[in-house]
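Enquirer: Below are the sequence and a predicted model; questions follow.
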Amino acid sequence: MKSLTLKRTLLSLLVVALLGATFSTGCYDRVELEGMAFVVGLGLDKGPNNTIDVTVRIAVPGEMAGNNGSSSNAAQLGGSRPITVRANTIAGALTLLNSTVERQVSLLHLATILIGENVAKAGVLDYVGPLVRMREFRRTVTFFVVPGEAREIFETNQPVLEKSMSRFHESISEISRHTGLSVTSKIHEFIVESEEPNEDPVAPVMAVNEKVKEQTQQSQKDTREETMPGQNVSFKPGELVRMGGNSLDFIGTGVFRGDKLVTYLDGIETRMLLMIRGELLRTQMDFPDPQQKGKYEVIELKHARTPQTEIKLDSDPIQIKIRQKLEGDLIGVQSSIDYTEENNMRVLENSVRETLKQKEQDLMEHLYHDYQAAPFGMFRKIRSQFSTIQEMEQYPFREKLKTAQVTVDIDLNIRRIGVQLAPVGPK
């Protein structure tokens, strides 16, 4: 009798276990892969009456695997044509997208967010903040600030090489780390820096080059003189002097105060920003030859050690001093000067040092005095000067920046001169 009761008890437990396993798997709300529409690019523009225009590009797996023979922009990026929906919130826009997209819209594979200038100036966190609450959203998403409308980027973008939009933006970020012409930033980094007291975030810029766009749309037969008539070299976003290629420029930096865009930096100023922050890996820069007017020398620069920062808060005005130690390689010489000779090398080092010093100092004074923006990561280095968090948060750092005195000290050593030892010239 006891054996029969035990068997019935074990059988009952087995049935309960099987039923529990069945109902706890969560399969009741599953969505098959074939039933999902993966958003790979998201653009935000401000709409009327406090609405927001959300533009998306949805991945098309067949096109991502390879070009199917179409020469359209959508096929090149392995995604659908841009779709824009106006709503009160981003979540509301994603819901409305399902009224025109045949599959369930998902952010699981979102790679990039493009933020229009009007949204950036109004405050990014009001729009992006709700996104981080979504289960599908990842803080590792890269983002760009767009001078103008984000939707125009989707419509204009014609990559030279990449077919995948995810890979396209990864490649841009990777190249920026080596050129120093743009910063790299993730949404997580932006949010953290926005929440830090007296620290301001930065963002890379993606801009439409109108002259290249017009030349691409009208005629590919224009001569160089017609397309670039008498224009000098430019490092400004959307103003690079060039012909052909993608109509987008991936250069420059957007500087924020809090979460609101206040100004843009060009490519040269971005290099100075990265140099001050100690984030410039290795980059090649042109410098005027100090001994032959109109000639330029190319030097590859990198940090020899982390920059040292000293800030005196007890002085009036506050004093900010930065010490940098740089190493350089001379890799290009236009002039006939023999820079293998030691005295000439010292002249070149001094000239490059003074040029960098002046540019860095001008940039810091410009952002401090004109915008009270602090994107250099200085304040976090002086927290030990405050006894409590309350004292640190109450310190009028922004007000002090209006008159801050900046000093930059650079120690530069050009260690190598390339594989050409003697100047190249006619006999």
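Expert: Noted; the coordinates are in hand.
Enquirer: tell me the contacts of Thr388?
Expert: Neighbour list for Thr388: empty [criterion: C-beta atoms under 8 Å, 6 or more residues apart in numbering]. For glycine as for every other residue, the C-beta is placed from the backbone atoms N, C-alpha and C.
Enquirer: now swap in Ile83 and tell me
Expert: Ile83 makes contact with Thr55, Val56, Arg57, Ile58, Leu97, Thr100, Val101, according to C-beta under 8 Å, 6+ apart.
Enquirer: I'd like the distance from it to Ser387, if you could.
Expert: Ile83 is 54 Å from Ser387, where distance means C-beta to C-beta, to the nearest Å.
Enquirer: Where does pLDDT dip in the chain?
Expert: 1-4, 6-8, 10, 13, 15-33, 61-79, 216-227, 229-230, 418-427 (pLDDT under 70).
Enquirer: Mind checking which residue lies nearest the centre of it?
Expert: Pro204 (2.8 Å; C-alpha atoms, centre = their mean).
Enquirer: Where does that one fall, secondary structure wise?
Expert: Pro204 is part of strand 202-204, with elements assigned from DSSP states H and E.
Enquirer: on contacts alone, who are the packing partners of that strand?
Expert: Under the contact criterion of 3 or more C-beta pairs under 8 Å, 6 or more residues apart in numbering; DSSP states H and E, strand 202-204 touches strand 142-146, helix 165-179, strand 253-257.
Enquirer: Only the buried residues of the longest one, if you could.
Expert: Neighbour counts using 16 or more other C-beta atoms under 10 Å place Met165, Ser166, Arg167, Phe168, His169, Ile172, Ser173, Ser176, Arg177, Thr179 of helix 165-179 among the buried residues.
Enquirer: Any idea how many residues pack against Leu181?
Expert: Neighbourhood size, Leu181 [other C-beta atoms under 10 Å]: 24.
Enquirer: Is it in contact with Ile251, as I believe?
Expert: Yes: if you go by C-beta atoms under 8 Å, Leu181 and Ile251 touch, sitting 4.8 Å apart.
Enquirer: Quickly list what's touching both of the two.
Expert: What both Leu181 and Ile251 touch, as defined by C-beta under 8 Å, 6+ apart, is the set Phe235, Gly267, Thr270.
Enquirer: Pick the one among these closest to Ala37.
Expert: Minimum distance to Ala37 across the shared contacts of Leu181 and Ile251 is 35.7 Å, recorded for Thr270 (C-beta to C-beta).
Enquirer: which helices and strands does the helix or strand where the closest one lies pack with?
Expert: Under the criterion DSSP H and E, the helix or strand holding Thr270 is helix 267-277. For helix 267-277, the contact count by 3+ C-beta pairs under 8 Å, 6+ apart identifies strand 253-257, strand 319-333, helix 342-365 as packing neighbours.
Enquirer: Let's have the ones you listed in CSV, adding mean neighbour count.
Expert: Listed next are these as CSV, based on neighbours: other C-beta atoms under 10 Å:
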stretch, mean neighbour count
strand 253-257, 24
strand 319-333, 19
helix 342-365, 17
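Enquirer: Now tabulate those in TSV and tack on distance to Asn50.
Expert: Below are those laid out as TSV (distance: least, C-beta to C-beta, whole Å):
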stretch	distance to Asn50
strand 253-257	21
strand 319-333	39
helix 342-365	35
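Enquirer: Any idea which of the ones you listed gets closest to Gly129?
Expert: Of all the helices and strands packed on helix 267-277, it is strand 253-257 that lies closest to Gly129, at 14.3 Å by C-beta to C-beta.
Enquirer: And the next helix or strand past the closest one?
Expert: With DSSP H and E, the next secondary element past strand 253-257 is strand 260-265.
Enquirer: That next one pairs with which strands, and in what direction?
Expert: Note on strand 260-265: by DSSP bridges, its sheet partners are strand 253-257 (antiparallel).
Enquirer: can you give me the strands for the stretch 101-250 of the chain?
Expert: 104-106, 112-116, 142-146, 202-204, 207-208, 248-249 (DSSP state E, counting those that start in this stretch).
Enquirer: Turn these into CSV, columns for distance to Lys357.
Expert: As requested, the strands of the stretch 101-250 of the chain are exported to CSV (distance: least, C-beta to C-beta, whole Å):
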stretch, distance to Lys357
strand 104-106, 50
strand 112-116, 33
strand 142-146, 29
strand 202-204, 22
strand 207-208, 29
strand 248-249, 28
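Enquirer: Would you mind saying which of these lies nearest Pro288?
Expert: Nearest to Pro288 among the strands of the stretch 101-250 of the chain is strand 248-249; the distance by C-beta to C-beta comes to 24.4 Å.
Enquirer: Parallel or antiparallel, list what pairs with that closest one.
Expert: Counting by DSSP bridges, strand 248-249 is paired with strand 207-208 (antiparallel).
Enquirer: and the partner strand, how far out from the chain's middle?
Expert: Per C-alpha atoms, centre = their mean, to the nearest Å, the displacement of strand 207-208 from the mean C-alpha position of its chain is 14 Å.
Enquirer: Check stretch 401-408 too.
Expert: Worked out by C-alpha atoms, centre = their mean, stretch 401-408 lies 26 Å from the chain centre.
Enquirer: Figure out the length between the terminal residues of it.
Expert: For stretch 401-408, the first-to-last residue distance is 16 Å (C-alpha to C-alpha, to the nearest Å).
Enquirer: Go through that stretch and flag the buried ones.
Expert: Neighbour count says stretch 401-408 has Leu401, Ala404, Val406, Val408 buried, by 16+ other C-beta under 10 Å.
Enquirer: Tell me which entries of these lie within strands.
Expert: Members of these lying in strands (criterion: DSSP state E): Val406, Val408.
Enquirer: Tell me how many other residues crowd Val241.
Expert: 15.
Enquirer: Quick check: closest non-adjacent residue to it.
Expert: In space, and not counting its chain neighbours, Val241 is closest to Gln231: 4.6 Å by C-beta to C-beta, 6 or more residues apart in numbering.
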